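Undergrad: What follows is a protein structure lacking sequence information:
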């Protein structure tokens, strides 16, 4: 059986803090279940904001060659993605938003003969994902999920688990429990992946 590959994306600029720790715990679970794992800090990548060029330079995904080029290749090859972001203004971090905006080119929109719009996904490999949202004051995850769900469509990702940490800078933030839940979520990405199930 081919080894399952799980990608962790950290949308926080603060390494070693809550968002990073939860993503790492999920990756640890995936690794212990037999997966190959990679973690990327979006803040370390040089990503240009989307310029709305409305181009699809096949076989490339974007006219710009920057930090997103590496991510596009990973989106093609991985079997699962764990994305963690802190809550900024009740949504997602700017690092995460930059990455999501640059995934707009992963879906082509074409009109058919009747004028109806067809959405053509360029990333063909289906994946399963975990979303981690870390907030101190905000409690409503819906604005963040609105962006994440559209991004999932572009990268061909089915979101199977959402973990939410609130009161993140306080003692009652449930961190130990959430770390355990993140670990199990990462493990489940591997144990219940289509690849694993087909080998049983």
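TA: Everything's here; your move. Every value quoted in this text rests on a predicted model; they were computed, and no experiment measured them.
Undergrad: who does whatever helix or strand residue 128 lives in touch, helix- and strand-wise?
TA: Per DSSP states H and E, residue 128 falls inside strand 127-134. Here strand 127-134 touches helix 18-32, strand 80-86, helix 142-155, strand 157-165, helix 175-191, going by 3 or more CB pairs under 8 Å, 6 or more residues apart in numbering; DSSP states H and E. Bear in mind the C-beta positions are built from the backbone N, C-alpha and C, glycine included.
Undergrad: let's go with 10 Å and repeat that
TA: strand 5-10, helix 18-32, strand 80-86, helix 142-155, strand 157-165, helix 175-191 (3 or more CB pairs under 10 Å, 6 or more residues apart in numbering; DSSP states H and E).
Undergrad: export the ones you listed to TSV and tack on distance to residue 111 and mean pLDDT?
TA: Listed next are the helices and strands packed on strand 127-134 as TSV, based on distance: least, CB to CB, whole Å; pLDDT from 0 to 100:
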stretch	distance to residue 111	mean pLDDT
strand 5-10	33	98
helix 18-32	40	98
strand 80-86	31	98
helix 142-155	19	95
strand 157-165	26	97
helix 175-191	37	96
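Undergrad: among these, which is the most enclosed?
TA: strand 80-86 (a mean of 27; mean count of other CB atoms under 10 Å).
Undergrad: can I get the helices and strands packed on strand 127-134 in CSV with distance to residue 134?
TA: Putting the helices and strands packed on strand 127-134 into CSV (distance: least, CB to CB, whole Å) gives the following:
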stretch, distance to residue 134
strand 5-10, 10
helix 18-32, 5
strand 80-86, 5
helix 142-155, 10
strand 157-165, 5
helix 175-191, 9
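Undergrad: returning to what we had before: tell me the strands beside the strand holding residue 128, with direction?
TA: Strand 127-134 pairs in its sheet with strand 80-86 (parallel), strand 157-165 (parallel), by DSSP bridges.
Undergrad: Find the nearest non-adjacent residue to residue 31, please.
TA: Closest residue to residue 31 apart from its sequence neighbours, by CB to CB, 6 or more residues apart in numbering: residue 37 at 5.0 Å.
Undergrad: Wasn't that neighbour part of a helix?
TA: No: using DSSP: H, G, I helix; E, B strand; the rest coil, the assignment for residue 37 is strand, not a helix.
Undergrad: quick one: contacts for it?
TA: 4-8, 24, 26-31, 78, 80, 82, 186, 190 (CB atoms under 10 Å, 6 or more residues apart in numbering).
Undergrad: mind giving me a markdown table with the strands paired with strand 127-134 and columns for distance to residue 66?
TA: Below are these laid out as a markdown table (distance: least, CB to CB, whole Å):
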| stretch | distance to residue 66 |
| --- | --- |
| strand 80-86 | 19 |
| strand 157-165 | 22 |
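Undergrad: Residue 132: which of those strands is closest?
TA: strand 80-86 (3.7 Å; CB to CB).
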